[in-house]
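fold the following.
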Amino acid sequence: MTLQDLGWNATFEKDFAPFRLQGWKPARLLRDNKISYGALMVDEEADDFDELEVILSGKVYHDAETDAALPAVGDWVALDVGAEGRESVIRARLPRQTCFSRKAPGDTAEEQVIAANVNVVVVVTDAGPDFSLRRMERYFALIARSGARPVVIVNKADLFTEKETREAAQAIQELQPDAAIHITSVKKRKGLRVLRDYLKKGVTVAFIGSSGVGKSAMINYILGDDYQWTDEVNEVTGKGRHTTTARELMILPKGGILVDNPGIKEVQMWTDEITLRERFSDIDALATQCQFHDCKHGTDRNCAIRLAVEEGRLDAARYEGYLKLEEEIIKLRGRRKKRQITVERRSKRDTKVKARNHSDRRDIERNLKPRAHQHSAED
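Now for the predicted structure:
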């Protein structure tokens, strides 16, 4: 195994150069164990690798302005490898080339990193209970912001008619023309070989989706064994249960890097207005045709968007989804601003405390110096 097999490239090498001078080693994080990390380190001289349990240095922790800035699964780090009996320590995190994240669940302004340095994000869904174009819209917005390539798997084709599955796949394709859409059935082993086309040496692929859509069973197929335990499918809901409870990066023997994630129940936005506008450029284009520049697109006269909905040129559900996403981003922006104010206040307070402590130390030193001089003269 080489560093390149793990996704290493010339940019990472350049970023890591200062750390090599300090004797630290490059490693990629496999999992986050809350108080420690699992890391894979390649011994380039021995052509071998070690999986290590590592801890985070206090400096890296305190220098991180937010939780999202802390090392996450998929990150490359500079590792200070401890001697026998000593812990290995993460001394730095390399800049991310891509970052797939969402807003952390709940009433918070925090970003939650799902996986770092991912090349491809595969969304697994089905044509039944899980199918939702509004949720797919959110996934595509987050993937676009991350910089990764979008792929969608419409799984469980054996549980639905061919017409239902094809219509679901077509609707997703129309929503995101540049995404690759595939129809599969893990149970029937149908259409799964295409997955291996994405899993090439040095390429990191993250699998995401709701619980029960067959994601873990699909990963079992790729790995060739029951790496992820899966339960039987519920005959009523068509959903299965599995035990993927933490993100994990897995290196495949035949090449490729796979990131499994727990089922995502909540897809809240962590994006910006530019990304949103790009995702809904058709609606923005319609808005320019409104009679009034400050049109609220409700009851205002000569509203081009309302007319497009009435005439069937714009899907009403898509427009409602756009409004909800925009509302979320406005709320998130407000929470970020409040958080920034809080952080700035704390920073000013800490600066004042440090300045006061420094001033007190100088006063003490100033008072002690004459006494020391007087004591020396008396001697």
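
got the domain boundaries for this structure?
Following automatic domain parsing, the chain resolves into domains at 4-93, 99-260, 272-379.

packed most tightly, which of those would that be?
Among those, domain 99-260 has the highest mean neighbour count (mean count of other C-beta atoms under 10 Å), at a mean of 19. For every residue, glycine as well, the C-beta is placed using N, CA and C.

tabulate the domains of the chain (JSON lines), appending mean pLDDT.
Listed next are the domains of the chain as JSON lines, based on pLDDT from 0 to 100:
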{"stretch": "domain 4-93", "mean pLDDT": "89"}
{"stretch": "domain 99-260", "mean pLDDT": "81"}
{"stretch": "domain 272-379", "mean pLDDT": "68"}
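
for the strand or helix carrying Pro26, packing partners?
Assigned by DSSP states H and E, Pro26 belongs to strand 25-32. Here strand 25-32 touches helix 10-20, strand 37-43, strand 48-56, strand 76-80, strand 248-251, going by 3 or more C-beta pairs under 8 Å, 6 or more residues apart in numbering; DSSP states H and E.

which one of these lies closest to Asn155?
strand 248-251 (19.4 Å; C-beta to C-beta).

what packs against the helix or strand that that closest one is followed by?
The helix or strand immediately downstream of strand 248-251 is strand 257-260, counting by DSSP H and E. Secondary-structure packing of strand 257-260 (3+ C-beta pairs under 8 Å, 6+ apart): strand 204-209, helix 215-223, strand 248-251.

what's the last one packed up against?
It refers to strand 248-251. strand 25-32, strand 257-260.

what sits up against the shortest one?
Judged by C-beta atoms under 8 Å, 6 or more residues apart in numbering, the contacts made with strand 257-260 from elsewhere in the structure are 6-7, 73-74, 115, 118, 199, 202-207, 215-216, 219, 222-223, 228, 244, 247-252.

mind listing what it pairs with, with the direction of each?
Sheet partners assigned to strand 257-260 using DSSP bridges are listed as strand 204-209 (parallel), strand 248-251 (antiparallel).

wait, which of these is closest to Leu195?
strand 204-209 (8.5 Å).

next one: the closest one to chain centre, how far?
Relative to the chain's own centre, strand 204-209 is displaced by 10 Å; criterion: C-alpha atoms, centre = their mean, to the nearest Å.

contacts for that strand, please.
7, 74, 100, 114-115, 117-125, 130, 139, 148, 198-199, 215, 218-219, 249, 256-261, 263-264.

and the angle for it with helix 215-223?
150 degrees (axes from the mean of the first three to the mean of the last three C-alpha atoms, to 10 degrees).

run through the helices of this structure in chain order.
10-20, 58-63, 133-146, 162-175, 215-223, 273-279, 281-287, 304-310, 316-378 (DSSP state H).
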